[in-house]
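Peer 1: Sequence first, predicted model second:
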There are 2 protein chains.
Amino acid sequence: MNKYLITGFSGFVSEHFLEYLNDKPTKTEVIGLDIEEPNFEILKFKNVNISFIKVNLLDKIEVKDILSIHKPNFILHLASFSSVSYSWSNPVESFVNNTNIFLNLIESIRIQKINCRILSVGSSEEYGNVTEDLLPLTEETILDPISPYAVARVSQEMLSKIYVNSYGLDIILTRSFNHIGVNQKEVFVIPSFVEKILTQKKLNKNLISINTGNLSIIRDFVDVRDVVRAYDMLFERGIKGEIYNICSGKGNSLKYIVEIISKFLQVKVNIVEDISLFRPNDNEKIVGSFKKIQNTVGWSPKHSLEDSIHTIIKDKLTII
Amino acid sequence: MNKYLITGFSGFVSEHFLEYLNDKPTKTEVIGLDIEEPNFEILKFKNVNISFIKVNLLDKIEVKDILSIHKPNFILHLASFSSVSYSWSNPVESFVNNTNIFLNLIESIRIQKINCRILSVGSSEEYGNVTEDLLPLTEETILDPISPYAVARVSQEMLSKIYVNSYGLDIILTRSFNHIGVNQKEVFVIPSFVEKILTQKKLNKNLISINTGNLSIIRDFVDVRDVVRAYDMLFERGIKGEIYNICSGKGNSLKYIVEIISKFLQVKVNIVEDISLFRPNDNEKIVGSFKKIQNTVGWSPKHSLEDSIHTIIKDKLTII
């Protein structure tokens, strides 16, 4: 039976990955690691044997013991101190913790000679400053990280390369673009818009009004269900040491996202762009290319942006 | 009076930097930090007021206190866990310690808002795998670091960029090529050759014989006296946030170095190349370009390779 170890187990990507595993024809085993308990029910995944271990990944010895006991075939390394804004106020913690949790993991695998494939999840933030002529971003585009978080991610990639080329570890790397999906936290832009608009609709307000940042910026949103499918396809058929963009290949403005939500909920939304919410030095447009992963493992996104947003809204309506 | 803080104070580059300061027309003040006592006499530098503090730079609080008390104008950050071979056997320690000592320093400067210029000394190792068509290496050449030590150095550069662009720190970066000079440790290639040959000459051996690694490899050797002059010129006129190669611009084979030594000492040396001493994946040829630092601050190397080697040998003969 395939045995997966998932770090950052309690996050929303992990929950979707479990759903993906659950739908597989064969049973799988999962060891989930997180510093926090998951707020989803692990017993709902009938087709996955899950053991959850509460652990701080900065704790070298515990990490080593867990790996030595469980010896997974696949490690999905989702854990990170992933807030870019936190990384601005705490640059050292963000950098050190992100690189350290990764190093604890791969160093322990190296020393114990554990035979497993590791998926190191990176971010489109690594590209940093992007001018329009560089779009769509490919894995060959030069990286110019502009936040401490992004620097940690690039360092993680460089370290991975060394562990692959010189120590023979089997690591595959991703640069994952903006995720969207059910159960994503409301600090992220789409769930936040959905929540604000739904709350006002429920109050039967005639005019729904939302304060936003710069809505003209364009991002590449990819459905988390597509993302987790990509992760598993990379486990199965990705090439060791290679980096893969995971993205939709399409750019959409935040304004268009508000339009999709309004249309689906049949409401009119008054947008109040608030300069104080604009991020300094934010890229105007980011779009990725998924050609490489398509050519290597045959992955392409299945869910349209409309489909993703409709699913998120329907889920919120069910909960209410 | 200019106040310099030097980390890695007890190393040989620091000693040469002090000699350079000592020859200046005006007196300077130096705070020297190192985990080890220097093995040179600090009182010999009559024109420099030196205070030495024994400190582990991983100790955040001590570093903060020292900066807050001494408030230097210039920081020469020479300290590093600089052994590439150590970084292979201890990748995590090498990476973590190198990035942490740097982060402790710049984060403390950021938080305490200390107004100073920092010279972050990097390495030609950052270029990593180099093919001949990329030579001479310029600051624009794409980095492909292949050792944990080199990855730490590249991370240090990326972090510096963020501290410059977003927090306004005044950091200048170097990529310094192979140094040569008096008092360099014998783990380095040139002092090691000189030592081996001199020892046998003193025994009046007819045939001097040395075991070596691959002597056909070509490196860019730069005299440490030129290096420290470059550092001070960058303090004075370098541009904040910029990276500068410090190199001779010339490639010389290790074989040629043995020839210079033999000729100067008027001995015949039998070279025994020992395959076991060859480094795997070593670059055949590394040569840098110093155009950028030349154009910005007017620096170019003054000492020829012959001059550098003769100076080293003469120094050894004086000691004997």
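Peer 2: Alright, I've got the coordinates. Numbers count the residues shown, from 1 in each chain, chains lettered A, B, ... in the order given.

Peer 1: which SSE is A:E186 in?
Peer 2: Assigned by DSSP states H and E, A:E186 belongs to no helix or strand.

Peer 1: OK, contacts around it?
Peer 2: A:S192, A:E195 (C-beta atoms under 8 Å, 6 or more residues apart in numbering or on different chains). All C-beta atoms are positioned from the backbone trio N, CA, C, and that covers glycine.

Peer 1: got the phi/psi numbers for it?
Peer 2: phi -80, psi 0 (degrees, to the nearest 10).

Peer 1: Surely A:I53 is in contact with A:G32?
Peer 2: Yes. Using C-beta atoms under 8 Å, A:I53 makes contact with A:G32 at a distance of 6.9 Å.

Peer 1: Looking at the two now, which is surrounded by more residues?
Peer 2: A:G32 (23 against 15; other C-beta atoms under 10 Å in any protein chain shown).

Peer 1: which residues does that one form a beta bridge with?
Peer 2: With DSSP bridges as the criterion, A:G32 is bridged to A:I6, A:F52.

Peer 1: OK, contacts around it?
Peer 2: Taking C-beta under 8 Å, 6+ apart as the contact definition, A:G32 lies against A:L5, A:I6, A:F9, A:S10, A:S14, A:P38, A:I42, A:I50, A:S51, A:F52, A:I53.

Peer 1: So the nearest residue in space to the third one that is not next to it in sequence versus chain B, what's the distance?
Peer 2: Distances taken as C-beta to C-beta, 6 or more residues apart in numbering or on different chains put A:G32 closest to A:F9, at 3.2 Å, once the chain neighbours are dropped. Using C-beta to the nearest C-beta, to the nearest Å, A:G32 is found at 25 Å from chain B.

Peer 1: Give me the pLDDT value at A:G32.
Peer 2: pLDDT recorded at A:G32 is 98.

Peer 1: Kindly report the same for A:N281.
Peer 2: A:N281 is assigned a pLDDT of 68 by the prediction.

Peer 1: hey, where'd the helices end up in the stretch 51-200 of chain A?
Peer 2: Ranges of helices in the stretch 51-200 of chain A, per DSSP state H, counting those that start in this stretch, are A:60-70, A:84-89, A:91-112, A:148-165, A:189-202.

Peer 1: among these, which is the most enclosed?
Peer 2: Among these, helix A:148-165 has the highest mean neighbour count (mean count of other C-beta atoms under 10 Å in any protein chain shown), at a mean of 24.

Peer 1: angle of it against helix B:148-165?
Peer 2: 170 degrees (axes from the mean of the first three to the mean of the last three C-alpha atoms, to 10 degrees).

Peer 1: in terms of contact count, name the helices or strands touching helix A:148-165.
Peer 2: Helices and strands touching helix A:148-165, by 3 or more C-beta pairs under 8 Å, 6 or more residues apart in numbering or on different chains; DSSP states H and E, are helix A:84-89, helix A:91-112, strand A:117-123, strand A:170-176, helix B:91-112, helix B:148-165.

Peer 1: just to revisit the earlier point, output the contacts of A:G32 as CSV; include the columns pLDDT.
Peer 2: CSV is the format used below for these (pLDDT from 0 to 100):
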residue, pLDDT
A:L5, 98
A:I6, 98
A:F9, 98
A:S10, 97
A:S14, 98
A:P38, 96
A:I42, 95
A:I50, 98
A:S51, 98
A:F52, 98
A:I53, 98
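
Peer 1: If we only consider those, which is nearest to chain B?
Peer 2: A:L5 (19.6 Å; C-beta to the nearest C-beta).

Peer 1: Do a quick rundown of the helices in the stretch 201-320 of chain A.
Peer 2: A:224-237, A:254-265, A:291-297, A:305-319.

Peer 1: Nearest to chain B, out of those helices?
Peer 2: helix A:291-297 (18.5 Å).

Peer 1: mind exporting that closest one as PDB, just the C-alpha atoms?
Peer 2: C-alpha atoms of helix A:291-297 as PDB (Å, rounded to 0.1, in the frame of the first residue of the first chain):
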ATOM      1  CA  LYS A 291       3.500  23.400 -20.600                       C
ATOM      2  CA  LYS A 292       6.300  21.500 -18.800                       C
ATOM      3  CA  ILE A 293       4.000  19.600 -16.400                       C
ATOM      4  CA  GLN A 294       1.600  18.900 -19.300                       C
ATOM      5  CA  ASN A 295       4.400  17.500 -21.400                       C
ATOM      6  CA  THR A 296       5.900  15.400 -18.700                       C
ATOM      7  CA  VAL A 297       2.900  14.000 -16.800                       C
END
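
Peer 1: list the buried ones in that helix?
Peer 2: For helix A:291-297, the neighbour count (16 or more other C-beta atoms under 10 Å in any protein chain shown) marks A:K292, A:I293, A:Q294, A:T296, A:V297 as buried.

Peer 1: What of stretch A:213-223?
Peer 2: Quick answer for stretch A:213-223 (16+ other C-beta under 10 Å): A:G213, A:N214, A:L215, A:I217, A:I218, A:R219, A:D220, A:F221, A:V222, A:D223.

Peer 1: I figured A:L105 hits A:L78, correct?
Peer 2: No. If you go by C-beta under 8 Å, A:L105 and A:L78 don't touch, sitting 11.6 Å apart.

Peer 1: which neighbours do the two share?
Peer 2: Counting by C-beta under 8 Å, 6+ apart, the contacts common to A:L105 and A:L78 are A:T7.

Peer 1: name the helices or strands packed onto the worst-scoring helix or strand of chain A on mean pLDDT?
Peer 2: Within chain A, no helix or strand scores below helix A:84-89, which has a mean of 86 by mean pLDDT, DSSP states H and E. For helix A:84-89, the elements it packs on are helix A:91-112, helix A:148-165, judged by 3+ C-beta pairs under 8 Å, 6+ apart.
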